[in-house]
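In: sequence and computational prediction follow.
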Amino acid sequence: MPFRTLLVVQAEVRPDFYRTEEAFRERVFSLLKPLQGTPSPRLAALPELFGLPLFLHLGGDFHPRELLASPLSPWRRARKAYEAFHRTMAEAARAFGTYLLSGTLLSPPYEEELARGRFARTPLFQNLALFFNPQGRLLAQVPKMELTPPERWLRRGRFGPHLVETQAGRVGILICLDGFFERHLARLDALGAEVLLQPSANPAPWDRPWPWDPSRKEGEVWLASARERLLGREHLRLLLNPMLNGRILGLAFEGRSGLYAPGEALLLAQSPVGDEGLLHTLP
């Protein structure tokens, strides 16, 4: 595998990490600190919804009554959150010399053009992951395709650009539920993806009975699926699954982050809650 250092970041969300851009920057840099002094090329991944609290807390907490005073408030907040998120992640990628999956935030997809600058292609929100190179350039903006019931108000993404050709190898990106659909996995494998990034945020107790088979637990099924997902593939050899925990908008998230090879877990977080960095260095 061309990547020498892999970092899977499990992170707990707390509002204080998101009230200012500087606090958010300090939070991101602290989570990526295990990369210091490791061999390159490096690849790091943060969890799904890691950037959502910027929308809720940056510059003051969001309250629904804002809509009465200004119906455009959510779009102004989204633009401010996206720009802080983009700046921070680009700076972090440069500072640590790493390919970096930012995790996701809820935002309209933004594009850049010489005359127009940064602009929203659509006013509709998506669950977006940003992927940067070690020079801080945005290589891909990836929307989630398969939406859970709480996400049905979002715009569903289409396939692509979910495969990113880097100088260190081919990286596939599927956001949480997307990575459980065989058609998406098969397509990435057929396109030559070697590493799969699957940022996740699971709003369910890790030890609850699994709804589709109460004899098994949620976490047990999740981890077994991750071990099996790469078996028999042509190209996919590693799965990085960073998971979020904490509370957002009344939902409680839990999950054990992991780094997987076909049929096995190379590294697993000790607990489904709290911060943990899973660092794996290849010879």
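Out: Cool, got the structure.
In: could you use CA atoms for every contact and neighbour count after this?
Out: Will do.
In: quick one: pLDDT of the most centrally placed residue in the chain?
Out: Nearest to the mean C-alpha position of the chain, counting by Cα atoms, centre = their mean, stands residue 103 at 2.4 Å. At residue 103, the pLDDT value in this model is 96.
In: could you do residue 63 as well?
Out: As predicted, residue 63 sits at a pLDDT of 86.
In: ok, now how distant is it from residue 205?
Out: Distance, residue 63 to residue 205, using Cα to Cα, to the nearest Å: 27 Å.
In: just checking, what packs against the worst-scoring helix or strand of the chain on mean pLDDT?
Out: The weakest-scoring helix or strand in the chain, judged by mean pLDDT, DSSP states H and E, is helix 66-69 (a mean of 81). Helices and strands touching helix 66-69, by 3 or more Cα pairs under 8 Å, 6 or more residues apart in numbering; DSSP states H and E, are helix 73-96.
In: so what's the residue nearest to residue 283 when sequence neighbours are not counted up against?
Out: Spatial nearest neighbour of residue 283, excluding adjacent residues (Cα to Cα, 6 or more residues apart in numbering): residue 4 at 7.0 Å. Residue 4 makes contact with 39, 40, 41, 42, 281, 282, 283, according to Cα atoms under 8 Å, 6 or more residues apart in numbering.
In: could you list the low-pLDDT ranges of the stretch 151-283 of the chain?
Out: For the stretch 151-283 of the chain, the stretches with pLDDT under 70 are 161.
In: quick one, helices of it?
Out: With DSSP state H, counting those that start in this stretch as the criterion, the stretch 151-283 of the chain has helices at 182-191, 218-228.
In: how about the first one: buried residues?
Out: What it means is helix 182-191. 184, 185, 188, 189 (16 or more other Cα atoms under 10 Å).
In: now that the last one has come up, it's in contact with residue 235, right?
Out: Okay, so that is residue 189. Yes. In terms of Cα atoms under 8 Å, residue 189 counts as a neighbour of residue 235; the distance is 5.6 Å.
In: so what's residue 197 bridging to?
Out: Beta-bridge partners for residue 197, by DSSP bridges, are residue 173, residue 240.
In: for it, what are its contacts?
Out: 45, 101, 171, 172, 173, 174, 175, 239, 240, 241.
In: now do residue 260 against residue 175, distance only.
Out: Taking Cα to Cα, one finds residue 260 at 16 Å from residue 175.
In: who has more neighbours out of residue 63 and residue 205?
Out: residue 205 (16 against 9; other Cα atoms under 10 Å).
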